[in-house]
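A.B. asks: got a sequence here, can you build the structure:
(3 chains)
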Amino acid sequence: MSAAVDLLSDPDGRDTKLHQAPSLLTWRDLGIPLLCTAVVVGELYYLSQVTLGASQANILEIDNLVLRTREHVVMTLTITVIVLALAVPFGVLITRPRFRWLASPVLALGNIGQAAPIVGLLAIIGSFVFGFWPVVGMIAAFSILPVLRNTIVGIEQVDVGVKDAARGMGMSPMGVLMRVELPLAIPIIAAGTRTALILAVAVIPLGTDMNAGALGELVFAGIKLNRAESLVCGALLIAVLALLVDWASGLAQRALTPRGIR
Amino acid sequence: MSDPAPTSSTTTTGGSADNSGGSEAGGVPIILQGVTKKYPGTDAAAVDNIDLEIGAGEIVMLVGPSGCGKTTTMRMVNRLIEPTSGTISIDGEDVLSLNDVKLRRTIGYVIQQIGLFPHLTIEQNVAMVPKLLGWDKSRISTRVEEMLAVVGLDPHEFAHRFPRQLSGGQQQRVGVARALAADPPIMLMDEPFGAVDPITRTRLQDEFLNLQQKLRKTIVFVTHDFDEAVKMGDKIAVLDKGSRVAQFAAPEEILTSPADDFVAGFVGQGATLKRLQLERLDSLDLHQSSRSTHDGVTPLPVRSTLHDVLDAMIADGRDELPVEKDGQLIGTVTLEDLLDRVRALREEADGKLSRRGDETGGVA
Amino acid sequence: MDGLPFFEYVSLFRDDLIFATQKHLLVSLYTLLIATVVGIALGLLVYRRASLSTLSIGALAIGFTIPSIALFGLLVPLLGTGLAVGFPVLTMYGLLPILRNTIVGLNSVDKATLDAARGIGMGRLRMLWQIELPLAWPVILTGVRVGAQLIVGIVVIGAYVGVPGLGELLFDALQNLGAVNKLNQALAGTILVTLIALLLDAAFVLVRRYTTPRGIRV
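C.D. replies: Model (predicted):
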């Protein structure tokens, strides 16, 4: 696309100056990763300077920090994949004419589910099973609502005229869904996914007592031993991870949004 | 549309051979017989037993008050709404026996909301139906360029833009190009120019009529605006509640002899003035110009309607205007000519009305 | 993990459950009240300057992103445990949606309406009190409602650093998984938190109905 063409006058007299397609990455986008790097470097430097008791030294060893962080990332990604794999198809199904009546009861049920405390839900399921999958499963179930809701809203907000034109020109129902409804719903579905991701990062630490708490191990070790070092270090890494995940999913959201509606 | 450089009918005959009809004959006839649409849980049918024969290459206007079933009637032709009973045939083929999705690919569809796909470029929008029909890439891209040119949009400037970067008028041009892209013999148009400002609307209407002169598609055109119906239609079907055909005739006939009080009410006041829209300058005897120059007054094209002429005279405050044909001045028209014509039209109309009165036993 | 049947557990530990519920409600309502007052006040200070509004909303978005479990952890060394860290953190989270919606609500009041108000000679304060606040009220109230939901949930999380409420029961259950009656305890706590959240939400629906100016009620 040449920029010179964009400024040509418009016969219908409306300002149609081409919006310069927003570039995907600007200097402002670097603020969060820079801040996070600074915080992590600062914390590591601090830890290298203080003398820690034996128990703290073990927990705060760099290998353990990397391991716990990696666990946190893996759990977050697993949860996200499960949430997307369940919420998007189910959301699509609910917007089909035959199942549309399901939308209100499902969302109402979801809202009640969201009002429940995740600590309690984990304690309930933890009474029966332990470990990675139960924690991941429970948190996925807890984080499904924002994606499900946004899938439904995203598809329903597609302009009626656009859908009518698509049908009228001879697209099959599947064609309308894949070529029109889903692409136009992407920004909204992505926003819901972003919310679910942040939620997952935030509640994974609560899985510590079920042997799947990732960075939560540091936090709760700090509480149990009454030591600020690992409490602060765990909290800091969780906060940094949340900010980075939010940042990355924001970029992904921008990149996935079709240019015509960006 | 204003300058359809490569006309579609000459360059696309080959292309249209595979999607029924063929563009040389233009459109194909549509016949509705006893078509009824009844929604469950309602007493009155939305469309009640309508019969309508639409000739090949005609623009038939469905006009009527809101809720009369005109849009429902139109949408049954491409089966966006399934009729409860009755038959619809296109070019002799029973529409209800066809696959509805494939059927729609052979029928152009233009709606008031335009419905361009906001995430696709103008090029991708226009290419959609050819793509659905499985045309090859090079054929699609030539066709897209051609169609954009036909509707008066420079392909180089517009092909890669997105819909939101276009004005309403430009968007509807794209809407028309998209509907014409696969050269369908039939077009369904639901208030296509309803959402643009009056000046753009007039321009789009004129350009569309020019285009139609070359394409000769069969067009079902829904509007609630009687003036638009008079201007655009070869025939007008005035519809009452339940799509009852109150009158189905050429615009002149509806204006001069409305079939009943409902139609008369719909035609409304000023039928004579409306008729001026149907008369063109070339039907008058022009005066040979006494002056060689008309000091900067833009001459009127000989294809102008008398309505436009009157409008120009009032706007310019003149009672004589020059007329041109293919850029040559061919004479002048005066206000007196117009008034004579109006008087003649009125006498004609009165004659017909009183005759109708006699036939129905006198209206007194 | 065999404990009492659920209903026997509930009747036996009735007083504990009621006490925890009371603590939970009181902590939630107090912090919500402070958050509402501070949030609306900050919103009023900020909303007229576009740059400040944008900046605040950006900062608030970052605040939303920081998990409460992390913020509690970071502040415990500075503020101590229990309500000392609980009040400021809960107020902060409750504040986020209230401040955001106050800014957004006040800025979304129709410019023509404000122009008309100025045109008939209304002063700044009268305009704020009689036009802007009433019209922005439904949006602000929605912010308070979201803030309430956030606070009720975060009081639970705060229990790990000693914030009083039903979270104490839930963390105790979580940290003693398999011990006698812990499943009952988790169930009862979960149900009570959910009820508090839902009842509070229902209360807001009523408040909204009776405090929204009639002309803009939907």
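A.B. asks: what residues are up against the residue lying closest to residue B:209 once chain neighbours are set aside?
C.D. replies: Excluding its sequence neighbours, the residue lying closest to residue B:209 (C-beta to C-beta, 6 or more residues apart in numbering or on different chains) is residue B:232, at 6.7 Å. In this view, the C-beta of every residue, glycine as well, is placed from N, C-alpha and C. Shown in contact with residue B:232 (C-beta atoms under 8 Å, 6 or more residues apart in numbering or on different chains): B:59, B:61, B:205, B:208-209, B:221, B:223.
A.B. asks: and what of residue B:197?
C.D. replies: B:168-169.
A.B. asks: and for residue 189, the neighbour number?
C.D. replies: No chain specified, so I'll use chain A. The number of residues packed near residue A:189 is 25, by other C-beta atoms under 10 Å in any protein chain shown.
A.B. asks: actually, chain C is the one I wanted.
C.D. replies: 31.
A.B. asks: that one and residue A:115, how far apart?
C.D. replies: Plainly put, residue C:189 is 13 Å away from residue A:115 if you go by C-beta to C-beta, to the nearest Å.
A.B. asks: just the helices in the chain please.
C.D. replies: Just going to use chain A. Shown for chain A, the helices assigned by DSSP state H span residues A:3-6, A:31-49, A:54-59, A:62-95, A:103-115, A:118-126, A:132-156, A:160-168, A:173-175, A:182-203, A:216-225, A:228-256.
A.B. asks: wrong one, I was asking about chain C
C.D. replies: C:6-12, C:14-46, C:50-65, C:68-79, C:83-107, C:111-119, C:124-127, C:133-158, C:166-175, C:182-211.
A.B. asks: tell me which of the helices of chain A sits nearest to chain B.
C.D. replies: When the helices of chain A are compared by C-beta to the nearest C-beta, helix A:160-168 sits nearest chain B, at 2.6 Å.
A.B. asks: quick check, residue B:132 in contact with residue A:166.
C.D. replies: No. The pair residue B:132 / residue A:166 is not scored as a contact, 10.1 Å apart, by C-beta atoms under 8 Å.
A.B. asks: so these two - more neighbours on which side?
C.D. replies: Legend: neighbour count by other C-beta under 10 Å for residue B:132 and residue A:166, higher for residue A:166 (24 against 19).
A.B. asks: which ones are touching that one?
C.D. replies: A:175-176, A:179-180, B:115, B:117.
A.B. asks: try it again at 7 Å.
C.D. replies: A:176, A:180 (C-beta atoms under 7 Å, 6 or more residues apart in numbering or on different chains).
A.B. asks: same question for the one 5 residues further on.
C.D. replies: With contact set as C-beta under 7 Å, 6+ apart, residue A:171 has these partners: A:179, B:132.
A.B. asks: quick one: it from residue B:117, how far?
C.D. replies: From residue A:171 over to residue B:117 (counting by C-beta to C-beta), the distance is 10 Å.
A.B. asks: quick check: the residue nearest to residue A:111 when sequence neighbours are not counted vs residue A:86, distance?
C.D. replies: Once flanking residues are discounted, residue A:111 sits nearest to residue A:145: 7.3 Å by C-beta to C-beta, 6+ apart. When C-beta to C-beta is the yardstick, residue A:145 and residue A:86 sit 11 Å from each other.
A.B. asks: more crowded one of the two?
C.D. replies: Taking neighbours as other C-beta under 10 Å, residue A:145 and residue A:86 compare with residue A:145 leading, 23 against 15.
A.B. asks: is it correct that the more buried one is in contact with residue A:115?
C.D. replies: No. With contact defined as C-beta atoms under 7 Å, residue A:145 does not reach residue A:115; the gap is 10.4 Å.
A.B. asks: tell me who's in contact with residue B:286.
C.D. replies: Residue B:286 is in contact with B:323, B:330-333, counting by C-beta under 7 Å, 6+ apart.
A.B. asks: which members of those are the farthest-apart pair?
C.D. replies: Among those, the pair separated by the greatest distance (C-beta to C-beta) is B:330 and B:333, at 10.3 Å.
A.B. asks: neighbour count winner among the two?
C.D. replies: In this view residue B:330 and residue B:333 are compared by other C-beta under 10 Å, and residue B:333 has more residues nearby, 24 against 16.
A.B. asks: which regions of chain A lie under the pLDDT threshold?
C.D. replies: Across chain A, the ranges flagged by pLDDT under 70 are A:1-25.
A.B. asks: and the contacts of residue B:286, which of them are in strands?
C.D. replies: Among the contacts of residue B:286, the members found in strands (DSSP state E) are B:323, B:330-333.
A.B. asks: now do the contacts for the closest residue in space to residue B:282 that isn't next to it in sequence.
C.D. replies: Using C-beta to C-beta, 6+ apart and skipping the chain neighbours, the partner closest in space to residue B:282 is residue B:302 (5.0 Å). When contacts are counted by C-beta under 7 Å, 6+ apart, residue B:302 touches B:281-282, B:323-325, B:330.
A.B. asks: check residue B:302 and give its pLDDT.
C.D. replies: At residue B:302, the pLDDT value in this model is 81.
A.B. asks: how about the residues of chain C by chain A?
C.D. replies: Residues of chain C lying near chain A by C-beta under 7 Å from any C-beta of the partner chain: C:1, C:65-67, C:69-70, C:73-74, C:76-77, C:153, C:156-157, C:160, C:167, C:170-171, C:173-175, C:177-178, C:182-183, C:186-187, C:189-190, C:193-194, C:197-198.
A.B. asks: so which of the residues you listed would count as near chain B as well?
C.D. replies: Contacts with chain B are made by none of the residues of chain C next to chain A, judged by C-beta under 7 Å from any C-beta.
A.B. asks: could you turn the buried ones of the residues you listed into a ChimeraX selection?
C.D. replies: Per 16 or more other C-beta atoms under 10 Å in any protein chain shown, the buried members of the residues of chain C next to chain A correspond to this ChimeraX selection:
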select /C:65,66,67,69,70,73,74,76,153,156,157,160,167,170,171,173,174,175,177,182,183,186,187,189,190,193,194,197,198
